[in-house]
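Trainee: dropping the sequence and predicted coords here.
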Amino acid sequence: MSDLQTLLLEGPIDFVGQKLADSVTFYFLSIAGVVAFLVGIITGDISLTGYTLVLFVSAGFVIVVFPWPFYKRHPLKWLPPTIAQN
């Protein structure tokens with residue numbers, strides 16, 4: 001498997017990493033909205049506001065969606081499988 005496939009497909013369950021991704025998303029998008037708003041107010045250009053917001057959302061997508069190593073620090077430990085006896 002190539003490195004890109006490994007990066008895109010590996011994603012063990014990690015509830016701490018999911019909480020971190022949720023927090024990063026919330027704060028990143030909040031800051032993106034404020035920055036885009038201020039850019040729009042300062043420049044008076046609605047298209048520049050939209051471009052700024054799209055840039056921030058795209059960067060946030062790359063930061064949050066892929067399973068980066070800092071999201072996989074606390075993998076869930078599974079119990080060993082048991083065989084049911086009849």
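Mentor: Sure, I can see it.

Trainee: helices along the protein, start to end?
Mentor: With helices called from DSSP state H, the chain shows them at 3-9, 15-43, 46-65.

Trainee: figure out which of these is closest to A84.
Mentor: helix 15-43 (28.0 Å; C-beta to C-beta). All C-beta atoms are positioned from the backbone trio N, CA, C, and that covers glycine.

Trainee: remind me what the closest one packs against, helices and strands.
Mentor: Using 3 or more C-beta pairs under 8 Å, 6 or more residues apart in numbering; DSSP states H and E as the contact test, the elements touching helix 15-43 are helix 46-65.

Trainee: between the helix it packs on and helix 15-43, how many degrees?
Mentor: Calculated by axes from the mean of the first three to the mean of the last three C-alpha atoms, to 10 degrees, helix 46-65 forms an angle of 170 degrees with helix 15-43.

Trainee: with just CA atoms, put helix 46-65 into PDB.
Mentor: Taking C-alpha atoms only, helix 46-65 is exported to PDB below (Å, rounded to 0.1, in the frame of the first residue of the first chain):
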ATOM      1  CA  ILE A  46     -17.800  40.500  -0.700                       C
ATOM      2  CA  SER A  47     -15.900  38.200  -3.100                       C
ATOM      3  CA  LEU A  48     -12.700  38.600  -1.100                       C
ATOM      4  CA  THR A  49     -14.700  37.700   2.000                       C
ATOM      5  CA  GLY A  50     -15.900  34.500   0.300                       C
ATOM      6  CA  TYR A  51     -12.400  33.700  -1.000                       C
ATOM      7  CA  THR A  52     -11.000  34.100   2.500                       C
ATOM      8  CA  LEU A  53     -13.700  31.900   4.000                       C
ATOM      9  CA  VAL A  54     -13.200  29.200   1.300                       C
ATOM     10  CA  LEU A  55      -9.400  29.300   2.000                       C
ATOM     11  CA  PHE A  56      -9.900  28.800   5.700                       C
ATOM     12  CA  VAL A  57     -12.500  26.100   5.300                       C
ATOM     13  CA  SER A  58     -10.300  24.200   2.800                       C
ATOM     14  CA  ALA A  59      -7.300  24.400   5.200                       C
ATOM     15  CA  GLY A  60      -9.600  23.200   8.000                       C
ATOM     16  CA  PHE A  61     -10.700  20.300   5.900                       C
ATOM     17  CA  VAL A  62      -7.100  19.200   5.400                       C
ATOM     18  CA  ILE A  63      -6.300  19.600   9.100                       C
ATOM     19  CA  VAL A  64      -9.400  17.700  10.400                       C
ATOM     20  CA  VAL A  65     -10.500  15.100   7.900                       C
END
